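[1] take this sequence and fold it.
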Amino acid sequence: MNPSPDKILVIDIETIRCASTYDELPKRLQEQWEKKAYTLNQFGHTELTPDELFMERAGIYAEFGKVIVIAVGFFVYQEGEWHFRVRALANHDEKGLLEEFVALLEKFDQSTLFLCGHNGKEFDFPYLSRRMLVNGVTLPAILDLSAKKPWEVNHIDTMELWKFGDRKSFTSLELLATIFDIPSSKSDIDGSEVSQVYYEENDLERIAEYCARDVVVTAQLLRKLKGESIIEENNIHFINN
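    Predicted structure coming up:
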């Protein structure tokens, strides 16, 4: 699997818990979270309350979270050089955001398009698919895995490429960016703070900017993992909505 760069769409998503506080959850969903919290405490050998765990962890589970930002980036070859263009889709309305993402995908030939993300196969791609189903959004062809054989799934995962078949550990994007000397996407926010920035500061734009920077780092890492040089900073273009 070695597609041309211009056939690859690099993505990253930002997710948050589905409600500002545990008390705002519908009773039926609260009951389900209590079961989840019990399992998390047993697995993690912790004694946190369902409320505390909801505030800290709910956003990473598609059943208890939602998507607020989807950043996408694509490679363009111009005048003998590769360029990278990045756009962040952000919306308080999750269904509207997912529909906008699907509409963007439909501009590409999905039979030849590849999606790339860091830990995308374990997080971004399934999370998007699950939230689309919850919101009644039809899965685009590239995310619909039913009846597909493994080699027919056009998904690239930079963390999987780094593992070389080793399934024992998670390697963060920031760690790989560090060892490959790729400029960091981290500034005044990291993934664990996204729900706080959203609910307490109401700063969706800040989250979108952070997500877009992660897409750039993922794209640069992909090039490094393929033995290629990173794209020059002046060839990286952020597209405003």
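
[2] quick one, longest helix in the protein?
    helix 204-225 (DSSP state H).

[3] quick check: buried residues in it?
    Neighbour-count burial for helix 204-225, with 16 or more other Cβ atoms under 10 Å as criterion, is recorded at 204, 206-224. For every residue, glycine as well, the C-beta is placed using N, CA and C.

[4] tell me the mean pLDDT for stretch 232-241?
    For stretch 232-241, mean pLDDT rounds to 90.

[5] show me which residues of it are buried.
    235-236, 238.

[6] for this structure, which segments count as helices?
    27-44, 50-57, 94-105, 124-134, 158-163, 173-179, 194-201, 204-225.

[7] how far does the fifth one sit from the chain's center?
    Relative to the centre of its chain, helix 158-163 is centred 15 Å away, using Cα atoms, centre = their mean, to the nearest Å.

[8] so what touches that helix?
    116-122, 169-171, 173, 176, 218, 221-222, 225 (Cβ atoms under 8 Å, 6 or more residues apart in numbering).

[9] same check, this time on the third one
    For helix 94-105, contacts defined as Cβ under 8 Å, 6+ apart pick out 9, 66-70, 72, 89-91, 113, 128, 131-132, 135-138, 140, 142.

[10] surely A37 is in contact with P50?
    Yes. At 4.0 Å, A37 counts as touching P50 under the criterion of Cβ atoms under 8 Å.

[11] quick one on the thing from earlier: in strands, which of the buried residues of stretch 232-241 appear?
    236, 238 (DSSP state E).

[12] nearest to E106, of the buried residues of stretch 232-241?
    For the buried residues of stretch 232-241, the closest approach to E106 (Cβ to Cβ) belongs to F238, at 22.6 Å.

[13] distance of Q32 from C18?
    12 Å (Cβ to Cβ, to the nearest Å).

[14] what residues are shared contacts of these two?
    In contact with both Q32 and C18: F64, using Cβ under 8 Å, 6+ apart.

[15] which of those two has more neighbours?
    The residue with more neighbours, out of Q32 and C18, is C18; 22 against 14, by other Cβ atoms under 10 Å.

[16] which residues does that one contact?
    25, 29, 58, 64-66 are the contacts of C18 under Cβ under 8 Å, 6+ apart.

[17] export the residues you listed as TSV, with columns for pLDDT, neighbour count and distance to L97.
    Output for the contacts of C18, formatted as TSV (pLDDT from 0 to 100; neighbours: other Cβ atoms under 10 Å; distance: Cβ to Cβ, whole Å):
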residue	pLDDT	neighbour count	distance to L97
L25	95	20	21
L29	96	15	21
A58	94	24	18
F64	97	19	18
G65	97	21	13
K66	97	22	9
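
[18] now do the lowest-mean-pLDDT helix or strand in the chain against helix 50-57, angle only.
    Lowest by mean pLDDT, DSSP states H and E among the helices and strands of the chain is helix 194-201, with a mean of 90. Our comparison of helix 194-201 with helix 50-57, counting by axes from the mean of the first three to the mean of the last three Cα atoms, to 10 degrees, yields an angle of 110 degrees.

[19] packing partners of helix 194-201?
    With contacts defined as 3 or more Cβ pairs under 8 Å, 6 or more residues apart in numbering; DSSP states H and E, helix 194-201 has these neighbours: strand 8-17, helix 204-225.
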